[in-house]
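> quick one, what's the 3D model for this:
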Amino acid sequence: MDTAGRHGTARGLLDLTRPGNAVAAGVLTFTGAFVAAGFGAAPVAVAAAVAATVFATAAGNAINDYFDRDIDRINRPERPIPRGAVSARGALAFSVALFLGAVVAALVLPLAAIAIAVLNLLALVAYTELFKGLPGVGNVVVAYLTGSTFLFGAAAVGMLTHPAALVLFALAGLATVTREIVKDVEDVAGDREEGLRTLPIVIGERAALWAALAVLVVAVLASAVPYLMGTFGLAYVVLVVPADAVMFDGARRGFTDPATAQRRLKRGMFLATAAFVVGRVVTAVA
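Okay, the predicted model is just below:
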């Protein structure tokens with residue numbers, strides 16, 4: 001293989017991992033640990049948890065592209081397998097290597113964190129083949145996987161049941177359900193071609209979007225809990241209220257522009273995460 005070919009393959013393998021998403025998931029795991037335990041708690045465990053999350057997320061993205069290669073020829077032709085940068089077999093082998101990296105990193109963690117890691121790895125592998133085409137079920141699985149990054153971080157420092165980590169898990173999970181439903185609306189053409197039974201296909205696009213908005217309302221209500229419980233103060237509120245507004249705007253835009261709606265929902269989720277970090281910092285230094 002010439003230099004250009006090797007470069008193209010390397011770029012394709014990197015694209016398989018969705019590096020931005022993988023790194024973001026690692027940041028969420030770190031956030032879960034920080035929100036639960038504060039500064040300087042179990043740095044080795046936190047680093048291992050972040051590494052395991054990055055590897056597992058990258059592996060899940062790669063294996064999802066392997067299973068979705070036919071759908072992606074319609075919905076995402078720019079992805080590595082449809083565009084010919086990586087073979088299907090190469091993507092599968094790469095995902096296995098990444099999964100092994102996640103397992104190795106997780107082995108140094110407490111038992112609760114290992115249990116979450118095992119459950120998540122099984123869910124990642126089974127998602128496309130078993131859950132993605134079931135109305136609403138695939139959305140819930142992805143939502144759990146997103147929210148569980150916070151739980152994983154908290155479990156890594158021995159504080160799985162910390163109230164703020166539990167609220168973060170609920171908020172991220174519910175907001176992700178909304179985002180995944182909007183994404184399914186955007187992908188209706190390819191999903192219908194493959195015979196998938198996603199929520200918009202089964203109940204209609206507008207009904208699915210209204211359901212997504214209802215779920216987001218619950219998420220916003222959950223975001224008030226840390227303040228109402230006295231866990232965080234006004235600094236948290238100052239950031240979480242705009243985050244809720246951004247997410248609401250994203251859900252509203254889903255009716256007319258699903259692609260833009262997804263981006264705004266994602267921004268709102270990260271702003272809400274920042275609100276938890278700031279709330280924890282202010283609490284720690286107070």
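> buried ones in stretch 118-131, by neighbour count?
By 16 or more other C-beta atoms under 10 Å, the buried positions in stretch 118-131 come out as 120-121, 123-125, 127-128, 131. No exception for glycine: its C-beta is placed from N, CA and C like everyone else's.
> now render these as a markdown table, adding pLDDT and distance to Gly138.
Formatted as a markdown table, those follow (pLDDT from 0 to 100; distance: C-beta to C-beta, whole Å):
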| residue | pLDDT | distance to Gly138 |
| --- | --- | --- |
| Asn120 | 89 | 15 |
| Leu121 | 85 | 17 |
| Ala123 | 87 | 11 |
| Leu124 | 80 | 12 |
| Val125 | 78 | 14 |
| Tyr127 | 79 | 7 |
| Thr128 | 69 | 8 |
| Phe131 | 80 | 5 |
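> show me which of those is closest to Thr198.
Phe131 (10.9 Å; C-beta to C-beta).
> next, the contact list for the closest one, please.
If a contact means C-beta atoms under 8 Å, 6 or more residues apart in numbering, then Phe131 has 123, 137-138, 141 as its contacts.
> low-confidence ranges in the stretch 1-150 of the chain?
Across the stretch 1-150 of the chain, the ranges flagged by pLDDT under 70 are 1-7, 128.
> 50 instead?
Filtered on pLDDT under 50, the stretch 1-150 of the chain yields the residue ranges 4.
> I'd like the contacts of Phe131 laid out as JSON lines, including distance to Val218 and secondary structure.
Formatted as JSON lines, the contacts of Phe131 follow (distance: C-beta to C-beta, whole Å; DSSP: H, G, I helix; E, B strand; the rest coil):
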{"residue": "Ala123", "distance to Val218": "22", "secondary structure": "helix"}
{"residue": "Val137", "distance to Val218": "18", "secondary structure": "helix"}
{"residue": "Gly138", "distance to Val218": "19", "secondary structure": "helix"}
{"residue": "Val141", "distance to Val218": "18", "secondary structure": "helix"}
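> just give me the closest of these to Gly195.
Nearest to Gly195 among the contacts of Phe131, with distances taken as C-beta to C-beta, is Gly138, at 14.0 Å.
> is it correct that that closest one is in contact with Ala123?
No: under the criterion of C-beta atoms under 8 Å, Gly138 is not in contact with Ala123, lying 10.5 Å apart.
> was I right to think Tyr66 contacts Leu92?
Yes: contact status for Tyr66 versus Leu92: in contact at 4.9 Å, counting by C-beta under 8 Å.
> what does stretch 71-85 rub up against?
Outside of stretch 71-85, the residues within contact range by C-beta under 8 Å, 6+ apart are 8-9, 11-13, 15-16, 65-66, 68-69, 86-88, 91, 187, 189-191, 193-194, 196.
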